[in-house]
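Task: produce atomic coordinates for the following.
(4 chains)
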Protein chains: 4
Amino acid sequence: MFFGSDNQSGASEQIIEALVAANQGICASYGDDQWTEQAVAKVREVFEHPDCSVYFVATGTAANCLALSSMVKPWQTIICHHQAHIAMDESTAPEFFTGGARLITLGEGSARLSFSQLQQYLQQPLHAPHNPVPGALSLTQSNEAGQVYRPEEIAQLADLAHAQGMKVHMDGARFSNALVSLGCTPADLSWRAGVDVLCLGASKNGCLSAEMVVIFDPQLAVDFEYRRKRTGHLLSKGRLLGSQVLAWFADQHWLDLARHANRQALRLAEGLKQHADISVVWPVEANSLFVLLPRNLANALEAQGAVFYDWDVRTLPSGISCRADQRFVRMVTSFVTSDADLDAFLAHCQSV
Amino acid sequence: MFFGSDNQSGASEQIIEALVAANQGICASYGDDQWTEQAVAKVREVFEHPDCSVYFVATGTAANCLALSSMVKPWQTIICHHQAHIAMDESTAPEFFTGGARLITLGEGSARLSFSQLQQYLQQPLHAPHNPVPGALSLTQSNEAGQVYRPEEIAQLADLAHAQGMKVHMDGARFSNALVSLGCTPADLSWRAGVDVLCLGASKNGCLSAEMVVIFDPQLAVDFEYRRKRTGHLLSKGRLLGSQVLAWFADQHWLDLARHANRQALRLAEGLKQHADISVVWPVEANSLFVLLPRNLANALEAQGAVFYDWDVRTLPSGISCRADQRFVRMVTSFVTSDADLDAFLAHCQSV
Amino acid sequence: MFFGSDNQSGASEQIIEALVAANQGICASYGDDQWTEQAVAKVREVFEHPDCSVYFVATGTAANCLALSSMVKPWQTIICHHQAHIAMDESTAPEFFTGGARLITLGEGSARLSFSQLQQYLQQPLHAPHNPVPGALSLTQSNEAGQVYRPEEIAQLADLAHAQGMKVHMDGARFSNALVSLGCTPADLSWRAGVDVLCLGASKNGCLSAEMVVIFDPQLAVDFEYRRKRTGHLLSKGRLLGSQVLAWFADQHWLDLARHANRQALRLAEGLKQHADISVVWPVEANSLFVLLPRNLANALEAQGAVFYDWDVRTLPSGISCRADQRFVRMVTSFVTSDADLDAFLAHCQSV
Amino acid sequence: MFFGSDNQSGASEQIIEALVAANQGICASYGDDQWTEQAVAKVREVFEHPDCSVYFVATGTAANCLALSSMVKPWQTIICHHQAHIAMDESTAPEFFTGGARLITLGEGSARLSFSQLQQYLQQPLHAPHNPVPGALSLTQSNEAGQVYRPEEIAQLADLAHAQGMKVHMDGARFSNALVSLGCTPADLSWRAGVDVLCLGASKNGCLSAEMVVIFDPQLAVDFEYRRKRTGHLLSKGRLLGSQVLAWFADQHWLDLARHANRQALRLAEGLKQHADISVVWPVEANSLFVLLPRNLANALEAQGAVFYDWDVRTLPSGISCRADQRFVRMVTSFVTSDADLDAFLAHCQSV
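This next block holds a predicted model:
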């Protein structure tokens, strides 16, 4: 009954086996190995973009912030949703990597960044060099409220950003969950919709540690190798990341893993909705649920070993509040969430 | 009829004369001169704080951002009003000087940062090292909406900040205007109210270029000389700043200058209020006015040579909007604003 | 016949097996897992220092530069040997992580940093805040010329550094090789000799990716978690690093691996010395050899599949030069260097 | 008898008068004033380069480091002479402004950076992204040893640098002294010789505070306004700098001032050479002398009120040392050094 986060399991069997196999033998270091090379080729194939630049790093913060540092000048701003991981959960890494660019957070009270929110912000008259001016838009897919941006929604936001000279970044720590949720192609959900740089995460969906920076705009890739090296994110043994990535993509493994996680989230939501006192906030579009639980029930579930986290009540949509006898919690499913676990959890819910 | 900003005049006669006098002779460089030494002593006397550390720099951005860099770690946040100069008008200098600390802006829709706004923000559960945590509170005195924080208001905010382990910064680019508005002592409006570091500006109120960083918390001063030097803000000829500061304080000159500016702002507001179609937004507490002018009138005044700036209509208090036939403008008075100028301007208003 | 570098193999069998075992099950993320906890305890035990702070990261550059950022202010200097990895091979990561501290490189023409070199440098009159002043001494153990600093040598250098208010950093990417070479205890070669922060590398000696920052001076550890997070070096799945470290220390595995590597280096040196036209520069004290090879022989060896790297001839000791018919190369042995490989290589040498 | 530095006097009479005149009236702030505009035009005329970009700042450190930050990437190096002001006297401002680029200092034991020194350094094999690679060459004119680079010498160095893809920076804090020493045109000594960005200092030669960044390569100017603003170096009252610059150039005032300083340096050197126990190190090419004085004499002169500074004996040319009964001192003349002062000083020398 672990719904704490999708980064609390190890790697899938297929992936750890690939890592063990790749551990054999001698090869060049610093990414000049066969696994890295093949993994780069695979990403290009999967995204139907033979010219994109692909880089592997070990953490999502590194991926996001290296990407952003390639996209904005230190005197520019990065616009994102106020709950974005880069705004809430990566310390001040965005500032550190970019040399001091500024985050502008929008969308208080809503679960996603909307076109009108962005449009309204951009209407503000800004006078350079005094006012910091927008350099990049960052979207999270699927986002911190478990919501998914449709390709046309992304395209509309990206067009607006591009029209202002901004670049478009996508934090895809859960990109695969969005992909299977929408049933579109990786290309449709990224560069064809206007994304300039995608950070594609595998660590939350099957790998031990593997994140990809996929740069579709070739100008943004020019300095990336320097940036990765000087931030300490070039691993000496490239096979560690390369072999995981290869196994992740093999036989659509990544999509299977994500599909499982999403399905379990939906099942969990369905089960919870049977309980009159439980409400699921926002539609479940990927693998996260946000739930108002009776406090007694939540406490009892924890006593039974269930793991989930309290969430900031101020992110609740207007009109919904968390009563004193309730707790507002986030529950995340993953590729390891078993039917048995779900059944046990839902049975506990019924029995309390 | 220049109401564009209070940094559009030269120095007062008294100050420029002092500068000319100080220009004579040979002395040690880099601040080891008699003017600097005396000016430091004078600041300590004026603030009744013999142990405060005092540093002079040439710009307000340098003063504010050097001060902030002494107060926060790069992984912390600086909380300020959303209209604060550090948030709007200093590019990303705060991030640059602090090594990447983050600005958190509060108070959308209000003209000042309130206790309840700060309190509400600080209730947010934050988990280090993932979430950036508050390191400093920055208040502007008088602020960008021409409002003045009372000593007890500052004390209340500062107590709350200190209780969280934060430091309190005051951007006093117009501190002297606040001082004469309130009629209290410099000490009462700074360290006695809980301010740890005050940036005291003279450039907007009589000097050509002279800003002071006054550090009341001795621990925050330890590295300041290194910071000033490595940001290029240690002038080789200290007399340039020292002599201006000395003359500014001499015979309460600084207060006289500020008093004149405030008085002219009030007179201007009184005059404008006679005009039925003009409204002055927010009370005039220092030397800035925010005015809704009939568009025709505003245009006609500009045609007559009047200078003032359009202001962001989204800063208007809720319930007040700027109609299509209006312009929302900021008008600033200064020590050079003459009665003749005011009379001419108000006469034009009547005649249109 | 791979002598390119000791980072071109995978992990040892014992270590990859431990990683596979640790891959099972659910646990808390971001280092709050049992493997990390046990690994920290193990480091403390091995170093006989129950209070040291221990942090794991994935790369040596991250370890070194995070350590240095905890030890110097941005306006200070870091003194190191001119061949040091931090000076030559980590891009400008030291500057990036420290917020702009400066490297001062000493020891041109010698294979190690000597007491007299450091002493001479420190005699320079420096005037703060104008001149950057020394903040840390960084020693590499074993170093880039394959040399090992004795405990008393370290202590002498560290005493001199400490007397100037500096901190002492040790880049121990090959610390285990130095340890078995000297036959002393980890404590004797680190904190007892005056090292304040040790970066202990396992990636070059048996792990896929695991580096430790061991902080003996508690004041330097205060902000480390913030630094690691905001540089993107906190892995979400702590078991990846923790399990490798645990297996590395288990049953003295780390020392066995290093002992093997050193022994093979000595054997290689002995074999090469049989060849009249080959000279081994500097004594072989760890697992690196620097060799002047007849150009024909070197080329022939490469044609047979041998891998080694040309080295900068300007690092040769004075009095020794690389003739046109020679190549100056570095050869590195590791835990995977087999007797068969050595025999084959030496046989080739004889046969050419 | 002040020979401490050329930044210990105020402004020349002509310049302070211009400043007083410019102090009158209202004008736009932040450099949109008539003085700034005219001063920019004047620089373009003086340098016969109508398209160069010109920016004014208050300190030499700001000028140099802003310039360098426009010329190198944070993972590149800046090559300069080991005595360069940017290497010795500007704290770690170069690192701070450039986001962490590295200084590489050459020329130990020589008074200037030579072609062969640069050439030898550039022969080093460097592997990106691991090794930091050269991004800019910085020359000081006239330099810290009072030496002047001839146009053809600069061109040779600049050609070598450009051939490596580097940019060429000139620290011209004493450019005017070099100019009158060589008798060539400003253009010949800067862009025609291959200088991409010149920092032209007026503070050491007649102004209170005025430094110019003159960018001849238009691509390097693109972001300069952002850089100046976010480092706090955009003054609100542009007239302060603009009016000084205008007066400095008026009627060749700058050259007259420099000519006087240089002449006094030569006279001083001639006088000292009469004294058998005094030796002047290096030829006097601008306005600085480096002198070995009998210790007794030096002490006696100081007792009479003479001011000069001890200099690092390790900068002495090989073969020359400073005996225990000597002091090695630097003496600097300036536009205020009077004949009377020189006569008095030389008379003291004779009388001791």
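
Report the residue ranges of every domain in chain A.
Per automatic domain parsing, the structural domains of chain A span A:13-253, A:259-351.

need the contact list for the closest residue to chain D within the stretch 251-352 of chain A.
Per Cβ to the nearest Cβ, A:Trp254 is where the stretch 251-352 of chain A lies closest to chain D, at 29.0 Å. C-beta here means a position set from N, CA and C on the backbone, and glycine is covered the same way. A:Trp254 makes contact with A:176, A:202, A:205-206, A:248, according to Cβ atoms under 8 Å, 6 or more residues apart in numbering or on different chains.

Pull out the buried residues from the helix or strand containing it.
Following DSSP states H and E, the helix or strand that holds A:Trp254 is helix A:253-273. Residues of helix A:253-273 classed as buried by neighbour count (16 or more other Cβ atoms under 10 Å in any protein chain shown): A:253-262, A:264-269, A:271-272.

Now it - C-alpha only, PDB.
Extracted C-alpha coordinates of helix A:253-273, given in PDB (Å, rounded to 0.1, in the frame of the first residue of the first chain):
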ATOM      1  CA  HIS A 253       8.600  -1.400 -22.100                       C
ATOM      2  CA  TRP A 254       8.300   2.300 -21.000                       C
ATOM      3  CA  LEU A 255       4.800   2.500 -22.300                       C
ATOM      4  CA  ASP A 256       3.800  -0.800 -20.600                       C
ATOM      5  CA  LEU A 257       5.100   0.500 -17.300                       C
ATOM      6  CA  ALA A 258       3.300   3.800 -17.600                       C
ATOM      7  CA  ARG A 259       0.100   2.100 -18.700                       C
ATOM      8  CA  HIS A 260       0.100  -0.100 -15.700                       C
ATOM      9  CA  ALA A 261       0.700   2.900 -13.300                       C
ATOM     10  CA  ASN A 262      -2.100   4.900 -14.900                       C
ATOM     11  CA  ARG A 263      -4.500   2.000 -14.900                       C
ATOM     12  CA  GLN A 264      -3.900   1.400 -11.200                       C
ATOM     13  CA  ALA A 265      -4.500   5.100 -10.500                       C
ATOM     14  CA  LEU A 266      -7.800   4.900 -12.200                       C
ATOM     15  CA  ARG A 267      -8.800   1.700 -10.400                       C
ATOM     16  CA  LEU A 268      -7.800   3.400  -7.100                       C
ATOM     17  CA  ALA A 269      -9.900   6.400  -8.000                       C
ATOM     18  CA  GLU A 270     -12.900   4.300  -8.900                       C
ATOM     19  CA  GLY A 271     -12.600   2.400  -5.700                       C
ATOM     20  CA  LEU A 272     -12.300   5.500  -3.600                       C
ATOM     21  CA  LYS A 273     -15.300   7.100  -5.200                       C
END
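
So for the helix or strand following it, mean pLDDT?
Per DSSP H and E, helix A:253-273 leads on to strand A:279-281 as the next helix or strand towards the C-terminus. Average pLDDT, strand A:279-281: 95.

related to what we said a few turns ago, which among the domains of chain A is found nearest to D:Leu182?
domain A:13-253 (36.7 Å; Cβ to Cβ).

Over to that closest one now: how far is its first residue from its last?
11 Å (Cα to Cα, to the nearest Å).

and if you look at stretch A:71-81?
Stretch A:71-81 has an end-to-end distance of 18 Å (criterion: Cα to Cα).

can you tell me if it touches chain C.
No - contact of stretch A:71-81 with chain C is not found when judged by Cβ under 8 Å from any Cβ of the partner chain; the minimum separation is 13.1 Å.

does any bit of stretch A:210-230 sit next to chain B?
No - under the criterion of Cβ under 8 Å from any Cβ, chain B is not reached by stretch A:210-230; the shortest gap measures 15.3 Å.

who's in contact with the helix or strand containing A:Ala178?
With elements taken from DSSP H and E, the one containing A:Ala178 is helix A:175-182. Contact with helix A:175-182 is made by A:141-142, A:148-151, A:172, A:186, A:189-190, A:198, A:200-202, A:205, A:254-255, A:257-259, A:261-262, A:285-287, as judged by Cβ under 8 Å, 6+ apart.

now, which of the residues you listed lie within helices?
Taking DSSP state H as the definition of helices, these contribute A:151, A:254-255, A:257-259, A:261-262.

Looking at these, which one is closest to chain B?
Once Cβ to the nearest Cβ is applied, the member of the ones in helices among the contacts of helix A:175-182 that ends up nearest chain B is A:Ala261, at 22.3 Å.

which of the domains of chain A is buried the deepest?
Most buried of those, by mean neighbour count (mean count of other Cβ atoms under 10 Å in any protein chain shown): domain A:13-253, with a mean of 22.

Let's verify A:Pro134: helix, strand, or coil?
Three-state call for A:Pro134 (DSSP: H, G, I helix; E, B strand; the rest coil): strand.

doesn't A:Ala163 make contact with it?
No - judged on Cβ atoms under 8 Å, A:Pro134 makes no contact with A:Ala163 at a distance of 11.1 Å.

need the residues of the stretch 101-250 of chain A near chain B, please.
Checking the stretch 101-250 of chain A against chain B by Cβ under 8 Å from any Cβ, the hits are A:101-103, A:124-125, A:129-132.

can you redo the residues you listed as TSV with pLDDT?
Below are these laid out as TSV (pLDDT from 0 to 100):
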residue	pLDDT
A:Ala101	98
A:Arg102	98
A:Leu103	98
A:Gln124	87
A:Pro125	86
A:Pro129	96
A:His130	96
A:Asn131	96
A:Pro132	97
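
Just name the closest of these to B:Val280, please.
Using Cβ to Cβ, A:Pro125 comes nearest to B:Val280 of those, at 21.9 Å.

so what's that closest one up against?
Contacts of A:Pro125 by Cβ under 8 Å, 6+ apart are B:310, B:312.

Show me what from the stretch 101-250 of chain A comes close to chain C.
Applying Cβ under 8 Å from any Cβ, we find that the stretch 101-250 of chain A lies next to chain C at A:203-204, A:208-209, A:226, A:229-237, A:239-240.
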